[in-house]
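> Sequence and predicted structure, then a few things I'm wondering about:
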Amino acid sequence: MQIWLDGKTYPSHEARISVMSHTLHYGTGVFEGIRSYRTEDGFSAFRLEDHVLRLFRSAEALDMHIPYEPAEVCNAVNRVLEANELLDAYIRPLVFLGEGSMGLDVKAQGKRNPVHLMISAWEWPSYFGQSMPGIRAMLAEHRRVFSSPTLVQAKAAGHYLNSYSAYASAKANGYDEALLLDDEGHLAEATAANLFVVKDGVLRTPFTTSALEGITRDTIITLAKISGYTVMESRIKPDELLDGDEVFLTGTAYEVAPIISVNGQAIGDGSVGPITAQLTKRYQDIVRAMPPSLSHGDGMALTEKAYYTAIQ
Ligand code: PMP
């Protein structure tokens with residue numbers, strides 16, 4: 001695997017960092033999860049610019065300055081895909097603090113820890129087309145972490161300790177996924193995906209005060225509206241979830257993933273619902289209809305423009 005680290009591409013065993021990196025000890029990093037898809041003429045990293053801009057916003061929320069321009073990061077992502085000869089792939093950029101201060105005050109005694117950027121990518125075929133029986137979810141005891149309004153929207157490494165533990169507890173109890181509530185007892189999101197409930201043809205999804213503003217969530221909201229459905233951001237109680245006709249998750253990795261039961265209770269008739277199936281198809285069509293990503297020049301901007309044109 002070829003890894004991009006601080007401006008250069010290395011074989012993975014040569015991409016080294018210090019064991020005293022601040023992020024390794026405190027989780028002070030931010031990252032992205034991006035998917036690229038095989039298109040007719042090559043790979044296309046779906047909504048790459050939006051992911052990269054979110055990476056910059058996440059970094060800003062942690063007062064970390066990424067020493068590149070967003071366009072340079074987009075180009076680096078495309079270069080990593082090329083270097084690894086990938087088409088259907090998952091891309092992981094990670095911004096992290098290196099060696100310097102070992103306290104929480106990283107500006108202490110002028111020892112400002114350097115901000116590093118790493119980009120890796122690996123093959124990760126889309127779930128689409130594989131048999132998808134649906135997710136059996138569990139309502140987690142864990143609550144979505146709300147350290148501050150800014151941090152809710154940061155895709156920060158440290159947040160995932162909570163998701164990791166909620167997911168592990170779902171697995172230990174025989175479920176596939178955990179759904180987390182907010183601190184008022186309303187649904188927030190899954191461990192790394194947004195949540196939608198469909199009832200009588202209306203789609204509801206929790207507010208982003210308690211969930212990450214997912215890029216797939218945004219794509220699905222637009223696709224559902226274009227398909228003629230009403231979509232609302234809403235507070236959703238666990239009872240309303242169980243009473244839904246359909247429930248599904250959205251995320252870059254999950255794409256559109258149906259939930260067929262919660263805590264062992266079937267959602268609807270316990271199979272994948274028609275609206276979920278329709279939106280899955282539309283999502284899969286659009287991610288493959290994008291022009292190929294180019295590694296230089298303004299190819300990235302052209303791809304984003306094509307997305308906004310295609311989805312209207
Ligand atoms: N919520 C959380 C906590 C996530 O980690 C993710 C994955 N990035 C999502 C939602 C879905 O976001 P996106 O559609 O942008 O991948």
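Cool, the structure landed.
> Name all residues that make contact with the residue of the stretch 51-200 of the chain found nearest the ligand.
Nearest to the ligand in the stretch 51-200 of the chain, going by Cβ to the nearest ligand atom, is A192, at a distance of 3.6 Å. For the C-beta atoms, the positions are set from N, CA and C on the backbone; glycine is no exception. By Cβ atoms under 8 Å, 6 or more residues apart in numbering, the residues touching A192 are G33, Y160, S163, G251, A253, Y254.
> Mind jotting down where the helices sit in the chain?
22-26, 48-61, 70-83, 149-152, 160-172, 215-226, 238-242, 274-288, 299-311 (DSSP state H).
> Can you add mean neighbour count and give these back as a markdown table?
As requested, those are exported to a markdown table (neighbours: other Cβ atoms under 10 Å):
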| stretch | mean neighbour count |
| --- | --- |
| helix 22-26 | 18 |
| helix 48-61 | 20 |
| helix 70-83 | 21 |
| helix 149-152 | 14 |
| helix 160-172 | 16 |
| helix 215-226 | 19 |
| helix 238-242 | 15 |
| helix 274-288 | 18 |
| helix 299-311 | 16 |
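> can you redo those as TSV with mean pLDDT and distance to G98?
Shown next, in TSV, are the helices of the chain (pLDDT from 0 to 100; distance: least, Cβ to Cβ, whole Å):
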stretch	mean pLDDT	distance to G98
helix 22-26	97	7
helix 48-61	96	14
helix 70-83	95	18
helix 149-152	86	22
helix 160-172	97	20
helix 215-226	96	28
helix 238-242	96	43
helix 274-288	95	35
helix 299-311	75	27
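> export the ones you listed to a markdown table and tack on distance to M232?
As requested, the helices of the chain are exported to a markdown table (distance: least, Cβ to Cβ, whole Å):
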| stretch | distance to M232 |
| --- | --- |
| helix 22-26 | 38 |
| helix 48-61 | 22 |
| helix 70-83 | 31 |
| helix 149-152 | 20 |
| helix 160-172 | 25 |
| helix 215-226 | 10 |
| helix 238-242 | 12 |
| helix 274-288 | 14 |
| helix 299-311 | 20 |
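> Could you chop this structure up by domain?
Here the domain parsing of the chain from automatic domain parsing is 2-122, 135-272.
> Contact residues of the protein facing the ligand?
By Cβ under 6 Å from any ligand atom, the residues of the chain that approach the ligand are 33, 155, 189, 192-194, 212, 214-217, 250-252.
> Got a quick ChimeraX command for the buried subset of those residues?
Entered in ChimeraX, the line below selects the buried ones among those, by 16 or more other Cβ atoms under 10 Å:
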select :33,155,189,192,193,194,212,214,215,216,217,250,251,252
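> So which of the residues of the chain next to the ligand are in strands?
Those of the residues of the chain next to the ligand mapping onto strands are E189, N194, T250, G251, per DSSP state E.
> ok, the last one to T219 distance?
So the one you mean is G251. Separation of G251 from T219 (Cβ to Cβ, to the nearest Å): 11 Å.
> So which of the helices of the chain is nearest E99?
helix 22-26 (7.4 Å; Cβ to Cβ).
> counting contacts, what elements does that closest one pack onto?
Identification of packing neighbours for helix 22-26 by 3 or more Cβ pairs under 8 Å, 6 or more residues apart in numbering; DSSP states H and E yields strand 89-97.
> tell me the mean pLDDT over the strand it packs on?
Averaging pLDDT along strand 89-97 yields 97.
> Report the angle between it and helix 48-61.
20 degrees (axes from the mean of the first three to the mean of the last three Cα atoms, to 10 degrees).
> Counting neighbours, what do you get for P93?
24 (other Cβ atoms under 10 Å).
> same thing with G158?
Neighbour tally, G158, other Cβ under 10 Å: 17.
> Lovely, talk soon.
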